[in-house]
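> Fold the following, please.
(chains A and B)
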Amino acid sequence: MTKHRSLLLFLGIVAVIGSIWLYTFLASPSRQSLDQRVHDVASQLKCLVCQGESVADSPATLSLQMRGVIRQQLQSGKSEQEVIQYFVSRYGDRILLSPPMQGITLLAWIVPIALMILGALLVFFVLRSWQSSTAKEPVDTHGAESINMDEQELAYYQRQVEQELAAEDPVFSQPASEAK
Amino acid sequence: MYFSDIGIISLILASGFAIFTMVVATLGATRGLPQLVASAKRSVLTVAFFLILASAALIASFLTHDFGLSYVAQHSNFAMPWYYTISAFYGGQEGSLLYWALMLSIFSAIFVFTAKRAPAVLVPYVIATLMGIETFLLIVLTTVSSPFVRLPAPLADGVGLNPLLMDPGMLIHPPMLLMGYMSFSIPFALAVAAMITGKLDSEWLRSIRRWMLAAWSIQTLGLVLGAWWAYHVLGWGGYWGWDPVENAALLPWLTATAFLHSAMVQERRGMLKVWNLSLVIACFALSIFGTFEVRSGIINSVHSFAYSSIGAYFLAFLCIVILSSIGLFIFRLPKLRPEQEFDSVISREGSFLLNNLLLVGIMFATLWGTLFPLISNAVRHQTLTVGPPFYNQVDGPIFIILILVMGIGPLLAWRRTSSRALRRNLGIPALAAAVCAAVLPLLGIRDVWANIAFAVCSFTVCAILYELWRGVRVRHRHGESYPFALLMLFARYRQRYGGYLVHLGLVMLAVGIIGSHFFQVQQDAVLKPGQEMNVAGYKLVYFGNIDRTYPDVEILSAQLQVWHDGQLQQYIYPGRQLYTSFANQPTSLISITTYNLTDLYVFLADWNGVSEATIRVFVNPLVLLVWLGGIVMLLGGIICWWPPARKPPKSDHAGTQASPNMLLTENSPSASVGASGVPGGLVGLYGRPLWEALQHWFHNTWPSSPTPRATIKANHPSTQPPSPLRDSWLVNRRDLPRENREGTS
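Numbering: from 1, shown residues only, chains lettered A, B, ... in the order given. Okay, here's the model as predicted:
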């Protein structure tokens, strides 16, 4: 019964958040200012006359001019991707701050992600094999929940714990006040 | 006779002693001759002495302006203030190598002084390894890259330090970062020693983790200081540019963080030995790789202040390190079997494994991105850049998952966690995340990623605070006042609560990064006196430029008023410094003012006479949290590292066998970091009385509030007293002694 209720609660919360997100991100499409769009494009292009700076960050004159071009092209209705493509066609791939996701340079993107997935699989299978080697002891699916100690046993461990704690940390030699 | 002659002689003598130590320590260990080991220990101190002497000679050459010495002439001049003159010591390649060798020798000396805390079998091998590294550095220092090379004729005045380096950041960031790189050599030496001797027990683990924590803390400080310096000096409104050199400094930090977590699995469960050793070796190899990368100039970087031919030496050394480590590994592999077995994926061990996967994943993605231009250049002869957009898109999501795991992991029990306990513990943090996810979009945060990231951060912060609260509550029920209970948690269980503090700091840092990454607003304007510009609610009114000329430097600054909410806030003076000796490299004097966690970052991009200025303004929300988070992380690291307060009980607490003591797994003193049993030298000497005074004061200021009740109730079965055991669901049946378990089943 409680399980169903918590599930319902969970679904309810998910639904509320989902509708808020749908409303904010879909119903009112992002009205990014032109400045922001220029910055977005410029931060993906490399300033060719500086050391490792983007066109957005660089104070160089060339970058200033490039930002002007970006602004012009965006105003004339081009999309961000088209503006970037325009610069690539003029300067080649070296203008890009991140390798293009095609051809050989796609490797730059795929390799880390593929290795992460492989790593996750490896960890999973290693864990599984370790687990199955312990399977001779019946694995308790409910875990600690299903521990049903009798009073005597519980009291024994209780005492044990209190003693150890008290030896370790004087505060536990004080009896506890009532639990809430 | 110059100071530099003393320097050369010291370096040669130091190399002699380093080689001598290496041989003697190895002989002493293999032949079982304690006298030889003792001699090796003294010899380590001698090496340190000669390196201190050599460094003092170099500093003396700087302070006496000995421009006959090439290194001094190239990195200082008469006009530099004395503190930058001293910091020029590590301003170039030769000097920074000497600094590195010096730090290595000092750390080796500290290791020798505290050697009685480390397992005795390991000490000679550790010393031999450290001196092997030292020998390598000294050979480079005495042959190809000596700071003591004299010019045919002395110069009248030196060239001076690169103006970018003439900044307060220079006084502390490079020494910290170099020290951080170097400090990974002690864990490495301990790992090598352990592989040779086969002694990888809990004593070894405590030793190595303590040194790793120290290295981690130093590296954390170095990284945060580097980010702070970049933010204050470079003028592009950010603090981390994913530059190859910055990445190189981050890589060993990531593997060190992974090790500090997986070491806990080894300590508690005797698993992951091979993995942990590889992480330690990776830390050291990556720090050598970083040095190689910076020195060789194979990769374009803004940091290439100094590079030369010594890259090849570092590459060779890197190969030796990696190959010999692999060799030792194969030799030792049969002994590295896990002692215990794995129970469930949903457990603390499982979360640590996931944490390791993510950290190593970030490390690998970053390394791959750093090296990819090289690979592409070799294969396609095409230069391309792997810049911030790549790292943001690849590392960013992994980082967010990492923060999520950071929130869940500490709530899981060792071995396995019941789903009920999990639900109970995750409920409140999940609710916080839900509220955050629901409210932030309504408050106008439109970016999906930013919303996800903030929700994850609120989850984790809430999980950590909840965990702290539960700890405090248990102590409070036993009669401590709340503030005192909190203090005692940190004092008694340093590893655990220091770790939480580090986590809290990391989340603060993450919030700062997310805020400044997604919500930075930038604007440029060319202003004439009287003109104004408006950026994100701030109005800047320009008045004109002020030009001040000093003998060695010209400072030009623009005067602006800052208005916010219709009120004049203050005057700011962003400017440029033009050093006469580096006229083409004007450094920036950036004006950063903080209003409610938001930085107004104003940079003078260009100017024309005294009545025109190109002003570049960034409004960076939440950047302050990056620095605060860094400080909190460092504080947490120090708490973890701090020597234990008192001797652990003599009883056999150590080890991972199931014993009744294992009930208190998390809280047993043997679990606290560095429980070496000896109060920490000077720190212990001075820290103890201070600590006791503080305790006393706390007790008097906040007297314990709930009166402890009579104990009758505790004996009544129906109202069991809330033991921390029951509260902390740490109890696990299979950790109980077998006879007890069987007795009732």
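
> If you drop the residues flanking it in sequence, what lies closest to whichever residue of the stretch 101-250 of chain B sits closest to chain A?
The stretch 101-250 of chain B approaches chain A most closely through B:W236 (3.7 Å), counting by CB to the nearest CB. Glycine gets a C-beta too; all of them are placed from N, C-alpha and C. Distances taken as CB to CB, 6 or more residues apart in numbering or on different chains place A:D57 nearest to B:W236, at 3.7 Å, with adjacent residues excluded.

> Under a three-state scheme, what state does that neighbour occupy?
coil (DSSP: H, G, I helix; E, B strand; the rest coil).

> returning to what we had before: and the residue of the stretch 101-250 of chain B closest to chain A, what are its phi and psi?
phi -110, psi 10 (degrees, to the nearest 10).

> just checking, the residue nearest to B:W236 touches B:A230?
No: counting by CB atoms under 8 Å, A:D57 stays clear of B:A230, with 11.4 Å between them.

> buried set for the strand or helix carrying A:R71?
Secondary structure assigned from DSSP states H and E places A:R71 in helix A:61-75. Across helix A:61-75, burial judged by 16 or more other CB atoms under 10 Å in any protein chain shown covers A:S63, A:L64, A:M66, A:R67, A:V69, A:I70, A:R71, A:Q73, A:L74.

> Contact partners for the closest residue to the third one other than its chain neighbours?
Put plainly, it is A:M66. Excluding the flanking residues, the one nearest A:M66 by CB to CB, 6+ apart is A:V55, at 5.0 Å. By CB atoms under 8 Å, 6 or more residues apart in numbering or on different chains, the contact list for A:V55 reads A:A42, A:S43, A:L45, A:K46, A:C47, A:S63, A:M66, A:R67, A:I70.

> So what's the residue count around residue 114?
You didn't say which chain, so I picked chain A. 11 (other CB atoms under 10 Å in any protein chain shown).

> Can you look at chain B instead?
So B:T114, with other CB under 10 Å, has 16 neighbours.

> Likewise for A:D93?
A:D93: 17 neighbours (other CB under 10 Å).

> In terms of pLDDT, where does the nearest residue to it once chain neighbours are set aside sit?
Nearest non-adjacent residue to A:D93, counting by CB to CB, 6+ apart: B:L384, 5.4 Å away. pLDDT recorded at B:L384 is 81.

> and B:L384, which of the three is it?
What three-state DSSP gives for B:L384 is coil.

> That one contacts B:P373, doesn't it?
Yes: counting by CB under 8 Å, B:P373 is a contact partner of B:L384 at 5.9 Å.

> Around chain A, which positions in the stretch 451-600 of chain B sit nearby?
B:N451, B:R475, B:R477, B:H478, B:G479, B:E480, B:M488, B:R492, B:V521, B:Q522, B:Q523, B:D524 (CB under 8 Å from any CB of the partner chain).

> circling back to that earlier point, nearest to chain B, of the contacts of A:V55?
Checking the contacts of A:V55 one by one against chain B (CB to the nearest CB), the nearest turns out to be A:K46, at 5.3 Å.

> Just the element for B:A156, please.
Going by DSSP H and E, B:A156 is not in any helix or strand.

> which one is it nearest to, not counting chain neighbours?
B:F67 (7.2 Å).

> Now compare the residues of the stretch 451-600 of chain B next to chain A and name the two farthest from each other.
B:G479 and B:D524 (62.1 Å; CB to CB).

> Neighbour count for these two, which is higher?
Taking other CB under 10 Å, B:G479 and B:D524 do not tie; B:G479 has more neighbours (21 against 17).

> On the three-state scheme, the more buried one is what?
Of the three states, B:G479 takes coil under three-state DSSP.

> now do B:L604
Quick answer, by three-state DSSP: B:L604 is strand.

> For it, give its distance to B:K199.
Computed as CB to CB, to the nearest Å, the B:L604 to B:K199 distance reads 60 Å.

> B:I12 too?
For B:I12 relative to B:K199 (CB to CB), the value is 35 Å.

> my read is the residue nearest to B:A156 is in a strand, agree?
No: going by three-state DSSP, the assignment for B:F67 is coil, not a strand.

> From what I see, it and B:A73 are in contact.
Yes: at 4.3 Å, B:F67 counts as touching B:A73 under the criterion of CB under 8 Å.

> Mind listing the shared neighbours of the two?
B:L151, B:P154, B:L155, B:G158.

> what's the domain layout of chain A?
Domain assignment for chain A by automatic domain parsing gives A:1-30, A:34-98.

> Can you tell me which of those domains is most buried?
Mean neighbours per residue, mean count of other CB atoms under 10 Å in any protein chain shown, is largest over the domains of chain A for domain A:34-98, with a mean of 17.

> quick one: the residue lying farthest from the centre of chain A from B:L254, how far?
Distance from the centre of chain A peaks at A:Q152, with 47.4 Å (CA atoms, centre = their mean). As judged by CB to CB, A:Q152 and B:L254 stand 50 Å apart.
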